[in-house]
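Chemist: Give me a 3D structure for the following:
(2 chains)
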Amino acid sequence: MNGIIEGKITAVKQHNNREEKSQILQAKAGRWERILVILRKSKARFIPEILVEKLLMLSAVVSIMALLLISVFIFSRGVPLIASVGLGDFLFSLEWKPIQGKFGIGAMFVGSLLLTSASLAWAVPLGLLTAIFMAEIAPPPVGRIMTRMVSLLAGIPSVVYGFFGLVIIVPLIRNYLGGTGMSVLAGAIILGIMILPTIINISRDAIQAVPLVYKESSLALGASHYQTIGRLILPAASSGIITAVVLAMGRAIGETMAVVMVTGNAAIIPDSLLAPLRTMTSNIVLEMGYAAGDHQAALFATGAILFIFILLLNLLLNFIRRAGKRYAGN
Amino acid sequence: MPGTRIGEKALTCLLYLSALIIIGILLAIVGYIVYKGLAMINLDFIMQAPRRAGKEGGISSTIVGTLYLTVLSLAIAAPLGVGTAIHLEEYAQKESYFAYLVTLTAETLAAIPSIIYGLFGFVFFVIYLKLGWSIWSGSLTLAIMVWPTITRTAQEAILSVPREYRENSLALGASKWQTIRKIVIPAAIPGIVTGMILALGRAIGETAAVLLTAGTSLGMPLSPADPARSMSVHLYMLAMEGLSMERAFGTAFLIIILLLFINYLANRSMSLLSHNGG
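Modeler: Predicted structure coming up:
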């Protein structure tokens, strides 16, 4: 009997227990559900919002980190060598004899400047004329076709330009002007072609950004279209045009592959347009494959000088832009 | 005044002439390479591995190398670039110091020549991080290079999305991120894609940086840890060492065709944007 009763009691207790447990569970579940609902609500509105914002910010921070890393690694590899050689000697000494430990990039330094000026000398006038044509003269369909063509020109990689120079320009110079053809002239022609899109695009945008009212007023006063372009539109667009030239200069000084392929790469200061030359960029790409120790450091130092050049040009650009804004504001 | 008349006529001629020169240069380069390269192109050239340092055989491994490098670099740079653009346009205070710093960084990165990227990639990825001459090193270097392109185009695309879209979405109770994800990004997607296509073109053509970071190995790259030679590096080596001018023309032809196609794609997606935004 007792056993049976006890059994029943335990059964009831167990039952009660179970109910209690399930009640507790339910209560717990209810609590969880409520928490979940709250979470889900806030999830949609709060947690990912902040998370996303931080993540997006992180991607911006990564880019700043990348620039910092680039500066630190290039300078930390190059600057000690410049310090031991001496900045003046490194920049202006004409002796580049890595095996004897003589590191002077004078010839390359002059070479870079020379080649950049030579290519700017013909590409800037041609580019500017084309920009004026596209913005002011060309009928709209022609302008659109030109825009496409210039963007194609901009899309051709430098190694293809170099190859074209090697198989067309260099033989032409060799056959008609003499020398080996690998020359300042070949480099200036190819480099000039390469910076044309930069000059055209940016100065065209600058010309098109001149308010139409200026132009209309000038024309209404009886000035001809060309007078308007020369006396009004070009001066008003001048900060944009200078920006174009500075950007093109940066591109020309940093260009590597095309220059290596057509300029002959002799580390001497050229005495004529038909003589070969070596730029700072060529110096790096030609010798990086086998350089070690101080020699490698000297190549990084060459890169550091180039980097400083580019940074200075960028600073100049910012200055021009600010000056341009002030001018436009007045 | 008849004098100025003649002067103006001469000026008009000069302007037309300069435009003609530009068109002539483009046609000469593309035409010559297509003309000389087309003769080289057949299935063997594309499918066969290079033999004897590229003197014989095809260029299959360099095509695979190029694909690997460009796809991987885009996969790294696209989220970062688009993320930065969204941050700058949607979250950052326009006049804040941080936004100024990021814009300045993008400008500077865009101005750095590829040879400097090559030097950096070599000393940081190849040596410091011990990745060696590999597709990883090359792609990471390329990713930093194309990052500003992607950011800038995405920024412009996001900026061109009308304010009303955002205001309507917010007024309907959507959160900021929901608005960006469901409204702003879909409206800006053609511009974002255009940026990626442009970045792709730049990555395919890049030579100096790839040469110093991915190496010049002609073997077929299997994993991203392998060294690889891209088509543009191959073209450089073939032409500079005079190994095989026919194969150099063939490679240049393929690069040009690829880039023409990419340019066409970029124009198409750009026109989508102007239909959409207008």
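
Chemist: where do the helices sit along the stretch 101-250 of chain B?
Modeler: B:114-121, B:135-159, B:163-171, B:176-179, B:185-205, B:208-213, B:231-240, B:245-277 (DSSP state H, counting those that start in this stretch).

Chemist: Check the model's average confidence along stretch B:144-151 for me.
Modeler: Per-residue pLDDT over stretch B:144-151 has a mean of 93.

Chemist: Tell me the residues of the stretch 151-278 of chain B that contact chain A?
Modeler: When proximity is defined by C-beta under 8 Å from any C-beta of the partner chain, the stretch 151-278 of chain B lies next to chain A at B:151, B:175-178, B:201, B:204-208, B:211-212, B:232-233, B:235-236, B:239-240, B:245, B:248, B:252, B:255-256, B:259-260, B:262-263, B:267. To be clear about C-beta, it is placed using only N, CA and C from the backbone, and glycine gets the same treatment.

Chemist: of the helices of the stretch 101-250 of chain B, which approaches residue A:184 most closely?
Modeler: helix B:231-240 (18.8 Å; C-beta to C-beta).

Chemist: which outside residues touch the closest one?
Modeler: Under the criterion C-beta atoms under 8 Å, 6 or more residues apart in numbering or on different chains, residues A:157, A:159-160, A:162-163, A:166-167, A:257, A:260-261, B:50, B:54, B:59, B:62-63, B:65-66, B:204-207, B:210-211, B:214, B:216, B:229, B:243-245, B:247-248, B:251-252, B:254-255 lie in contact with helix B:231-240.

Chemist: And for stretch B:77-96?
Modeler: Applying C-beta under 8 Å, 6+ apart, the external contacts of stretch B:77-96 come out as A:53, A:55-60, A:62-63, B:98-99, B:102-103, B:106, B:142-144, B:146-152, B:154-155, B:157-159, B:176, B:180, B:184-185, B:192, B:195-196, B:199.

Chemist: 6 Å instead?
Modeler: A:53, A:56-57, A:59-60, A:62-63, B:99, B:143, B:146-147, B:150-151, B:154-155, B:158-159, B:180, B:192, B:196 (C-beta atoms under 6 Å, 6 or more residues apart in numbering or on different chains).

Chemist: How about residue A:302: what's its closest non-neighbour residue?
Modeler: Spatial nearest neighbour of residue A:302, excluding adjacent residues (C-beta to C-beta, 6 or more residues apart in numbering or on different chains): residue A:280 at 5.0 Å.

Chemist: Report the contact partners of that neighbour.
Modeler: Going by C-beta under 6 Å, 6+ apart, residue A:280 touches A:108, A:112, A:302, A:306.

Chemist: swap the cut-off to 7 Å and go again
Modeler: Neighbour list for residue A:280: A:105, A:108-109, A:112, A:302, A:305-306 [criterion: C-beta atoms under 7 Å, 6 or more residues apart in numbering or on different chains].

Chemist: relative orientation of the helix or strand containing residue B:78 and helix B:185-205 in degrees?
Modeler: Using DSSP states H and E, residue B:78 sits within helix B:60-86. Interaxial angle, helix B:60-86 versus helix B:185-205 (axes from the mean of the first three to the mean of the last three C-alpha atoms, to 10 degrees): 140 degrees.

Chemist: what angle sits between helix B:60-86 and helix B:135-159?
Modeler: 40 degrees.

Chemist: ok, how many other residues are close to the residue in the stretch 151-278 of chain B positioned nearest to chain A?
Modeler: Residue nearest to chain A within the stretch 151-278 of chain B: residue B:205 (2.4 Å; C-beta to the nearest C-beta). Neighbourhood size, residue B:205 [other C-beta atoms under 10 Å in any protein chain shown]: 27.

Chemist: Could you do residue B:262 as well?
Modeler: Other residues lying near residue B:262 total 19 when counted by other C-beta under 10 Å.

Chemist: Check the one 3 residues further on too.
Modeler: Using other C-beta under 10 Å, residue B:265 is surrounded by 17 other residues.

Chemist: Quick check, it in contact with residue B:200.
Modeler: No. Distance between residue B:265 and residue B:200: 8.8 Å, which falls outside the contact criterion (C-beta atoms under 7 Å).

Chemist: For residue A:198, give its distance to residue B:235.
Modeler: 23 Å (C-beta to C-beta, to the nearest Å).

Chemist: Could you check which of those two is surrounded by more residues?
Modeler: Neighbours per residue, other C-beta under 10 Å: of residue A:198 and residue B:235, the larger number sits with residue B:235, 30 against 23.

Chemist: Give me the buried positions along the helix or strand hosting residue A:76.
Modeler: Residue A:76 belongs to helix A:47-85 when assigned by DSSP H and E. Within helix A:47-85, the residues that count as buried by 16 or more other C-beta atoms under 10 Å in any protein chain shown are A:48-49, A:52-53, A:56-57, A:59-61, A:63-64, A:66-67, A:70-71, A:73-75, A:77-78, A:81-82, A:85.

Chemist: got it, and stretch A:152-168?
Modeler: Within stretch A:152-168, the residues that count as buried by 16+ other C-beta under 10 Å are A:152-168.

Chemist: Of these, which are in range of chain B?
Modeler: Filtering these for proximity to chain B (criterion: C-beta under 7 Å from any C-beta of the partner chain) leaves A:152-153, A:155-160, A:163-164, A:166, A:168.

Chemist: Narrow these to those in helices?
Modeler: The helices, defined by DSSP state H, take in A:152-153, A:155, A:158-160, A:163-164 from these.

Chemist: mind checking pLDDT for the residue positioned nearest the centre of chain B?
Modeler: Closest residue to the average C-alpha location of chain B: residue B:202 at 2.3 Å, with C-alpha atoms, centre = their mean. Looking at residue B:202, its pLDDT stands at 90.
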